[in-house]
Each structure stands twice: as structure tokens, then as C-alpha cells.
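Visitor: here you go, sequence then predicted model.
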Amino acid sequence: MKNLGIIILLLISIIGASVLLISVKGTAAEGPGSDYGIYRKLDEILKNQKVIMETLASLKEEVEIIKIRVTR
């Protein structure tokens, strides 16, 4: 059940990032000079998502190890 919550959280964050990216592309037509701050923020969000994914992968491995130990 916890894994389902984690998956839902990841999907929501991916959808949110997609919506943000689409809105940034829409505002890119307005002016080329104003996009630097937005792209910097998107890069920061992407880095944070990568850290979250690495942490989740680590937690998943730990849960699998615990599951194996409990079933023995």
C-alpha cells in the first residue's frame, strides 16, 4: 500500500513538471530574454526529482531486503 502512495506521488510530480514545462514553452514565444530564470528553476526541479527517484530506489531495495528477512 505504501508503494502505491509513492507511485501516485511520483506520477503527480511528473504531471506537474510536464504542465510547468508546457506553460514555459507557451511563454517562450513572448520574449527570449526572460526565460533564463524559468529554465534555471526547471533545472532545479529536475535535480530534486532525480534525488527523490534515487532515494525511492534505495528505499525500495531496503524494503525488499526486509521482506526477504521477514519471510525466512
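Guide: Nice, I can see it.
Visitor: and the residue sitting nearest the centre point of the chain, how far is that from Lys41?
Guide: Centroid-nearest residue in the chain, with C-alpha atoms, centre = their mean: Gln49, separated by 3.4 Å. Relative to Lys41, Gln49 is positioned 13 Å away (C-beta to C-beta, to the nearest Å). The way it works is simple: take the backbone N, C-alpha and C, and place the C-beta from them, glycine included.
Visitor: quick one: pLDDT of the residue nearest to the centre of the chain?
Guide: Note for Gln49: predicted pLDDT of 92.
Visitor: for this protein, which segments are assigned as helices?
Guide: 2-28, 36-71 (DSSP state H).
Visitor: which helices and strands sit right next to the lowest-mean-pLDDT helix or strand in the chain?
Guide: Sorting the helices and strands of the chain by mean pLDDT, DSSP states H and E puts helix 2-28 at the bottom, at a mean of 74. Judged by 3 or more C-beta pairs under 8 Å, 6 or more residues apart in numbering; DSSP states H and E, helix 2-28 is in contact with helix 36-71.
Visitor: buried residues, the helix it packs on. List them.
Guide: Ile38 (16 or more other C-beta atoms under 10 Å).
Visitor: now it and helix 2-28, what's the angle there?
Guide: Here helix 36-71 points in a direction 170 degrees away from that of helix 2-28 (axes from the mean of the first three to the mean of the last three C-alpha atoms, to 10 degrees).
Visitor: show me what helix 36-71 is packed against.
Guide: Secondary-structure packing of helix 36-71 (3+ C-beta pairs under 8 Å, 6+ apart): helix 2-28.
Visitor: next one: the helix it packs on to chain centre, how far?
Guide: Relative to its chain's centre, helix 2-28 lies at 7 Å (C-alpha atoms, centre = their mean, to the nearest Å).
Visitor: cool, and stretch 58-72?
Guide: Centre-to-centre, stretch 58-72 and its host chain are 24 Å apart (C-alpha atoms, centre = their mean).
Visitor: what's the average pLDDT for that stretch?
Guide: Across stretch 58-72, the average pLDDT comes to 88.
Visitor: quick one: contacts of that stretch?
Guide: Under the contact criterion C-beta atoms under 8 Å, 6 or more residues apart in numbering, stretch 58-72 has outside partners Lys2, Asn3.
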